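Q: Give me the fold of what follows.
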Amino acid sequence: MVFTILFIILSQSPDSIIEYNCTLKSGNTLSEIVGNSGLSRQSYIKLISLLEDSLDVKGCYPGDEIKIKRVGGRFIGFEFYGKNGVYRIDSLYNFKRETEKLVLSLIKGSINGGCLWDAVILNGGSPNLVYRFADEILAWDIDFNTETQIGDEFVIIAYKKYAGEKLLSYGDILYVYYKTGKKEWQAFYYTPKGKKSDYYNSRGKSLQRVFLRAPLSYKRISSKFSKSRFHPILRIRRPHYGVDYAAPTGTPVRTIGDGRVIFKGWNGGYGNQVIIQHGSQFKTYYGHLSRFAKGIKKGRYVKQGEVVGYVGSTGLSTGPHLDFRIKKGEKWIDPLSLDPPSRRDPISKAEMKNFEEYKKQILSLQTHLEASQNLSIMMDIRSAFITSEIK
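A: Predicted coordinates for the structure are as follows:
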């Protein structure tokens, strides 16, 4: 059985209310869940028919919760708590979606011994929020594997989506800030006229770059780019035109940019290797892989961040790591010194005034949120408290 269930007896009278709780997991079906709730055949058919007409199963995710109440086999209530909303069905089979609200929230703190993940969770964030902060917004500017340190500061302004008192999920992240040492980064979520929303720094430059900072989550850099390195196996000095990222066997390796696979297979001392062509100038090389990702083959087009293989120690290698290289034309370049261009255009001069005004609004919100720490903004889910168009 692939779902978690719990029966609770709420009364000890002959007409006891029995509550059936289920936390959705991958592979669940509504018919299976309702069928295991103890409802009579008649109640089962009526509830399933209503759910099939009213509840979009494509909007149900692992972790969503279902509660079904019955007296004997007679249905008396249904509740669904999901990332996309809260739904209720009463004993007369009336279907209702709970009114949702967005609450503007501030997550602010510093790293005091653990890592960014621990610090964000400790200050009221969620795992999904950490992922979006580090892997979707600032991934092009900061390598959170190596560039974080104790004392680093962060700020996140984001919407929380509620139905009643139930937190469903985090919505849009409007603003992030990160400081490590003397370096600072800001990202503003903004929608230029006629274009898609994106994150821009304080100067109006898109944070999305052609290449990611690193192709994997690693423990340390075991060998850097060098024109003369002593090879640990061959026992001779020779160039090392790449970076070795030490990581456990099986760690996913991602392509740093969009491109086409031009080689996949065994390549001598590099062991299992994938080579990707990015446009007409750049190639990236991923060596010593333990295995290749499913579907990766020569000629396949891959998107930035897509997994192409897994860390290993194949070929001439003393331990699990990724040998990563970048070639521009016929010249090897140091991956750690690469400063790739933005993937999207910066804010235009004509729109910069609007963008500057939007920034002021966001930073003013931060000031108010820091003062209150509990500023709630009630709204319909389709409304927006702040828009990118300043009128």
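
Q: just to confirm, which helix or strand has residue 42 in it?
A: Assigned by DSSP states H and E, residue 42 falls within helix 41-54.

Q: Can you name the next helix or strand after that helix?
A: Counting by DSSP H and E, what follows helix 41-54 is strand 65-71.

Q: Summarise which helices and strands that next one is packed against.
A: Here strand 65-71 touches strand 17-23, helix 30-35, strand 74-82, going by 3 or more Cβ pairs under 8 Å, 6 or more residues apart in numbering; DSSP states H and E. Using the backbone N, CA and C atoms, a C-beta is placed for each residue, glycine as well.

Q: Switch these over to CSV; also include mean neighbour count.
A: Output for the helices and strands packed on strand 65-71, formatted as CSV (neighbours: other Cβ atoms under 10 Å):
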stretch, mean neighbour count
strand 17-23, 17
helix 30-35, 16
strand 74-82, 20
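
Q: can you redo the ones you listed as a markdown table with distance to residue 282 and mean pLDDT?
A: Formatted as a markdown table, the helices and strands packed on strand 65-71 follow (distance: least, Cβ to Cβ, whole Å; pLDDT from 0 to 100):
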| stretch | distance to residue 282 | mean pLDDT |
| --- | --- | --- |
| strand 17-23 | 45 | 90 |
| helix 30-35 | 48 | 87 |
| strand 74-82 | 42 | 89 |
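
Q: of the ones you listed, which approaches residue 268 most closely?
A: Among the helices and strands packed on strand 65-71, the nearest to residue 268 by Cβ to Cβ is strand 17-23 (49.7 Å).

Q: show me the contacts for the nearest residue to residue 171 once chain neighbours are set aside.
A: Computed as Cβ to Cβ, 6 or more residues apart in numbering, the closest residue to residue 171 that is not its neighbour in sequence is residue 159, at 3.6 Å. Contacts for residue 159 were tallied using Cβ atoms under 8 Å, 6 or more residues apart in numbering; they are 102-105, 170-172, 174.

Q: sorry, back to before: could the helices and strands packed on strand 65-71 go into TSV alongside distance to residue 55?
A: Listed next are the helices and strands packed on strand 65-71 as TSV, based on distance: least, Cβ to Cβ, whole Å:
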stretch	distance to residue 55
strand 17-23	14
helix 30-35	7
strand 74-82	7
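
Q: Out of those, the one nearest residue 260 is which?
A: Per Cβ to Cβ, nearest to residue 260 of the helices and strands packed on strand 65-71: strand 74-82, 38.6 Å.

Q: Paired strands for the next helix or strand after that closest one, with orientation please.
A: Going down the chain from strand 74-82, the next helix or strand is strand 85-89, by DSSP H and E. With DSSP bridges as the test, strand 85-89 is paired with strand 74-82 (antiparallel), strand 95-97 (antiparallel).

Q: ok, and what's touching the last one?
A: Think strand 95-97. By Cβ under 8 Å, 6+ apart, the list of residues contacting strand 95-97 reads 50, 54, 85-90.

Q: okay, now residue 101: neighbour count?
A: By other Cβ atoms under 10 Å, 18 other residues sit near residue 101.

Q: can you tell me how far residue 150 sits from residue 296?
A: 38 Å (Cβ to Cβ, to the nearest Å).

Q: ignore the last one, residue 202
A: 38 Å.

Q: between these two, which one's more packed in?
A: Comparing residue 202 with residue 296 by other Cβ under 10 Å, the one with more neighbours is residue 296, at 19 against 14.

Q: Tell me who's in contact with that one.
A: By Cβ under 8 Å, 6+ apart, the contact list for residue 296 reads 261, 264, 274, 302, 308-309.

Q: pretty sure it is in a helix, no?
A: No: counting by DSSP: H, G, I helix; E, B strand; the rest coil, residue 296 is not found in a helix; it is coil.

Q: could we number from 626 for the rest of this?
A: Sure thing, new numbering starts at 626, so read that last one as residue 921.

Q: quick one, phi psi at it?
A: Residue 921 adopts backbone torsions of phi -80, psi 120, taken as degrees, to the nearest 10.

Q: In stretch 735-754, which residues are buried?
A: Buried residues in stretch 735-754, defined by neighbour count with 16 or more other Cβ atoms under 10 Å: 736, 741-742, 744-746, 750-751, 754.

Q: which one of those residues is nearest residue 805?
A: Nearest to residue 805 among those, with distances taken as Cβ to Cβ, is residue 736, at 8.8 Å.

Q: Which of the contacts of residue 784 are buried, as a PyMOL select command?
A: In PyMOL, this line selects whichever of these come out buried by 16+ other Cβ under 10 Å:
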select buried, resi 727+728+729+730+795+796+799
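
Q: So what touches stretch 885-892?
A: 897-902, 908, 912, 917, 921-927, 933, 939-940.

Q: out of those, which are inside strands?
A: Per DSSP state E, strands hold the following members of the contacts of stretch 885-892: 897-902, 908, 912, 917, 926-927, 933.

Q: Narrow those to just the buried residues.
A: 897-901, 908, 912, 917, 927, 933.

Q: Need the three-state assignment for the residue nearest to residue 737 when sequence neighbours are not counted.
A: Of all residues beyond its chain neighbours, the one nearest residue 737 is residue 775 (6.5 Å), with distances taken as Cβ to Cβ, 6+ apart. Put simply, residue 775 is coil when judged by three-state DSSP.

Q: what sits against residue 775?
A: 736-738.

Q: wait, which of those is closest to residue 878?
A: For the contacts of residue 775, the nearest to residue 878 is residue 736 (26.3 Å; Cβ to Cβ).

Q: Can you list phi and psi of the closest one for me?
A: According to degrees, to the nearest 10, residue 736 has phi -90, psi 120.

Q: got it, and residue 753?
A: According to degrees, to the nearest 10, residue 753 has phi -60, psi -40.

Q: who does the longest strand along the chain touch, helix- and strand-wise?
A: As assigned by DSSP E, the longest strand anywhere in the chain is strand 791-805. Strand 791-805 sits against strand 699-707, strand 710-714, helix 752-756, strand 778-788, strand 808-815, helix 977-997, with contacts defined as 3+ Cβ pairs under 8 Å, 6+ apart.
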